[in-house]
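Undergrad: sharing a sequence plus its predicted fold:
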Amino acid sequence: MIGLLNWLLNKSNIDFRLFVQNCIYELSDIILKNNGYLQIVDRGEMLYNNEEIKKHYIIPHKNQASVTNLKVVEDIKFLEYKPLDNGIRMVKSSFTSHEGENTPKGVAFVSVLSKK
């Protein structure tokens, strides 16, 4: 257990998030009944382009779900982030998707559903 904790402490935020989400997919496969849903909400960018959405959200979640009986629902939902005057601001997402003209609409909470 100490070895795992040391390993986790030396990982980047992206690697840590990936590790936790992998565990969540595997645990969900055990505890969800058929037709049950897993919803993962993360911070990210609101993207214009369906190919960018697929590349940055759908494909990685499909890879995580691939070792389980869960199937990713490809209808990704975005809730635009609007900071509160007295709240803590959202930090930049773990990736920058925009290249050239594919500028994101802004930061958002990104919801990905998977169904067992």
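TA: Cool, the structure landed.

Undergrad: can you tell me the element residue 39 falls in?
TA: With secondary structure defined by DSSP states H and E, residue 39 is part of strand 37-46.

Undergrad: in its sheet, what does that strand sit against?
TA: Sheet pairing for strand 37-46, assigned by DSSP bridges, gives strand 106-115 (antiparallel).

Undergrad: hang on, the earlier thing: immediately after the strand holding residue 39, which helix or strand?
TA: helix 50-53.

Undergrad: for the strand holding residue 39, give the mean pLDDT please.
TA: Computed over strand 37-46, the mean pLDDT rounds to 89.

Undergrad: and the helices in this protein?
TA: Ranges of helices in the chain, per DSSP state H, are 2-9, 13-31, 50-53, 59-65.

Undergrad: who's in contact with residue 37?
TA: 113, 114, 115, 116 (Cβ atoms under 8 Å, 6 or more residues apart in numbering). (C-beta placed from N, C-alpha, C; glycine too.)

Undergrad: can you put those residues in TSV and add distance to residue 40?
TA: Formatted as TSV, the contacts of residue 37 follow (distance: Cβ to Cβ, whole Å):
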residue	distance to residue 40
113	8
114	8
115	13
116	14
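
Undergrad: most neighbours among those residues, which one?
TA: Within those, residue 114 tops the neighbour count with 24 neighbours, counted by other Cβ atoms under 10 Å.

Undergrad: surely it is in contact with residue 69?
TA: No: here residue 114 does not reach residue 69: they are 9.7 Å apart, not a contact under Cβ atoms under 8 Å.

Undergrad: which one of the contacts of residue 37 is nearest residue 88?
TA: Here the nearest of those to residue 88, counting by Cβ to Cβ, is residue 113; it sits at 26.8 Å.

Undergrad: from residue 82, how far out is the closest one?
TA: Separation of residue 113 from residue 82 (Cβ to Cβ, to the nearest Å): 23 Å.

Undergrad: just residue 64 next, same as before
TA: 29 Å.

Undergrad: those two: who's more crowded?
TA: residue 64 (21 against 10).

Undergrad: how about the contacts made by the nearest residue to that one once chain neighbours are set aside?
TA: Closest residue in space to residue 64, ignoring its immediate chain neighbours: residue 25 at 4.9 Å, by Cβ to Cβ, 6 or more residues apart in numbering. Applying Cβ under 8 Å, 6+ apart to residue 25 gives the contacts 38, 64, 65, 67, 68, 70, 114.
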